[in-house]
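**Student:** Need coordinates for the following:
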Amino acid sequence: MTTAKSVDAEGRTTIKEIICDILEIDADEMTDTSRFKEDHEADSMGAIEILSQLERAFGVDIDQAELARMVNLESVVAVVDEAVAAKAASSH
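**Tutor:** Here you go, the predicted model:
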């Protein structure tokens with residue numbers, strides 16, 4: 001039995017869709033490193049909504065302290081990846 005402990009391409013697409021939907025931007029406007037606040041005018045409420053949607057989509061808990069790290073797509077994928085891995089590790 002194989003358990004996925006990291007975010008795959010499909011998961012990455014889901015993350016990007018959630019972020020684009022909340023920030024009301026087109027997917028092609030966002031790169032892996034474009035910054036939500038500086039490049040896409042995200043505010044703290046948007047960040048909290050992103051965190052909440054990610055928790056629901058991936059069935060994980062993400063500490064609000066992680067919001068400081070979640071500045072672009074690349075860092076959000078890393079945070080979700082860690083949360084998924086932690087959940088998988090705790091379920092064994």
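**Student:** mean confidence for the longest helix along the chain?
**Tutor:** Scanning the chain for the helix with the most residues, using DSSP state H, yields helix 73-90. Here helix 73-90 scores 94 as its mean pLDDT.
**Student:** tell me the contacts of the most centrally placed residue in the chain?
**Tutor:** Residue closest to the mean C-alpha point of the chain, counted by C-alpha atoms, centre = their mean, is Val76 at 3.9 Å. Going by C-beta atoms under 8 Å, 6 or more residues apart in numbering, Val76 touches Ile15, Ile19, Ile50, Leu54, Met70. From N, CA and C alone the C-beta is placed, and that goes for glycine too.
**Student:** I'd like these laid out as a markdown table, including secondary structure.
**Tutor:** Listed next are the contacts of Val76 as a markdown table, based on DSSP: H, G, I helix; E, B strand; the rest coil:
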| residue | secondary structure |
| --- | --- |
| Ile15 | helix |
| Ile19 | helix |
| Ile50 | helix |
| Leu54 | helix |
| Met70 | coil |
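**Student:** Contact partners for Ala78?
**Tutor:** By C-beta under 8 Å, 6+ apart, the contact set of Ala78 is Arg69.
**Student:** Return the distance of it relative to Ala27.
**Tutor:** 19 Å (C-beta to C-beta, to the nearest Å).
**Student:** and what of Ile15?
**Tutor:** Distance from Ile15 to Ala27, by C-beta to C-beta: 11 Å.
**Student:** The two: who's more crowded?
**Tutor:** Counted by other C-beta atoms under 10 Å, Ile15 and Ala27 do not tie: Ile15 has more neighbours, with 22 against 11.
**Student:** wait, that one sits on Leu54?
**Tutor:** Yes - if you go by C-beta atoms under 8 Å, Ile15 and Leu54 touch, sitting 6.6 Å apart.
**Student:** what sits in contact with each of these two?
**Tutor:** Common neighbours of Ile15 and Leu54 (C-beta under 8 Å, 6+ apart) are Val76, Val80.
**Student:** Many thanks, I have nothing further to ask.
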